[in-house]
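Visitor: Return a 3D structure for these sequence lines:
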Amino acid sequence: MKVENKPILNKEESLFICIDLQERLIPAMHDKETLVKNSNILLKTAEIYNIPVLVTEQYPKGLGSTDSKIELPKNHKIFSKDYFSAFGVEDFVNEFNSLNKKNIIIFGLETHVCVYYTVFHLIQNGYSVYVVADACASRTNESKKIALKQMRKLGVNIITTEMALFSHIENSRVPNFKDLSNLVK
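Guide: Numbering: from 1, shown residues only. Just a heads-up that it's a prediction; the model follows:
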């Protein structure tokens, strides 16, 4: 048997979706420090790989904008929403469709509501979905754990921040390896 050695995820086919990392939501989350740290690693990874990032904000008038601790890359677009799923927003859907990506890496808040609803719609429409578990949060750890379990039943790939980072390269000889490995030191 011949086994091909190539990256698990193709940078050209990937899209990051960052869900509702807002100033009035993050303080209420379980393990918020890990959430912020890993979200920033993912956003920097997207910038290094030149992967587009779509950012949502749930009812920003009441919940505020994306938290200032979140380091958004140059290649991001922000969408305001009042639906739980990002796919309830026409502008988001149009941008998502125009990018034509098949591997969707998703993280944010809350795991059991807006992340779950968005993931559900992605799976219904045949996308390869990767939920970054250690860059998602809910107010309770129990809600997060149950949501991840339900998403796994839907066929979602549950991964970690480091898995998302290193799944896009096949070895340590790639040009940006040092920059990437420094993100997780």
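Visitor: CA atoms for contacts and neighbours, from now on please.
Guide: Noted.
Visitor: what residues are up against the most centrally placed residue in the chain?
Guide: With the centre of the chain defined as its mean C-alpha position, the nearest residue by CA atoms, centre = their mean is Ile106, 2.5 Å away. Taking CA atoms under 8 Å, 6 or more residues apart in numbering as the definition of contact, the neighbours of Ile106 are Phe16, Ile17, Cys18, Ile19, Val115, Val119, Val129, Tyr130, Val131, Val132.
Visitor: Identify the residues contacting stretch 15-32?
Guide: When contacts are defined by CA under 8 Å, 6+ apart, stretch 15-32 is touched by residues 46, 51-58, 60, 63-68, 70, 101-110, 114-115, 137-141.
Visitor: Dump that stretch to CSV, restricted to CA.
Guide: The C-alpha atoms that make up stretch 15-32 are tabulated as CSV, following Å, rounded to 0.1, in the frame of the first residue of the first chain:
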residue,chain,number,x,y,z
LEU,A,15,-11.8,29.1,6.0
PHE,A,16,-11.8,30.2,9.6
ILE,A,17,-15.1,31.3,11.2
CYS,A,18,-14.7,33.1,14.5
ILE,A,19,-18.1,33.3,16.4
ASP,A,20,-19.1,36.1,18.8
LEU,A,21,-15.9,36.7,20.8
GLN,A,22,-17.4,39.9,22.2
GLU,A,23,-16.5,42.2,25.1
ARG,A,24,-19.7,41.4,27.1
LEU,A,25,-19.7,37.7,26.4
ILE,A,26,-16.1,36.6,27.1
PRO,A,27,-16.2,37.6,30.8
ALA,A,28,-19.1,35.2,31.5
MET,A,29,-17.3,32.2,29.9
HIS,A,30,-15.8,29.2,31.7
ASP,A,31,-12.0,29.1,31.1
LYS,A,32,-12.0,32.5,29.3
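Visitor: tell me how far stretch 144-162 is from the chain's mean position?
Guide: Centroid displacement of stretch 144-162 relative to its chain, using CA atoms, centre = their mean, to the nearest Å, is 12 Å.
Visitor: One more: stretch 102-112?
Guide: Distance of stretch 102-112 from the chain centroid (CA atoms, centre = their mean) equals 4 Å.
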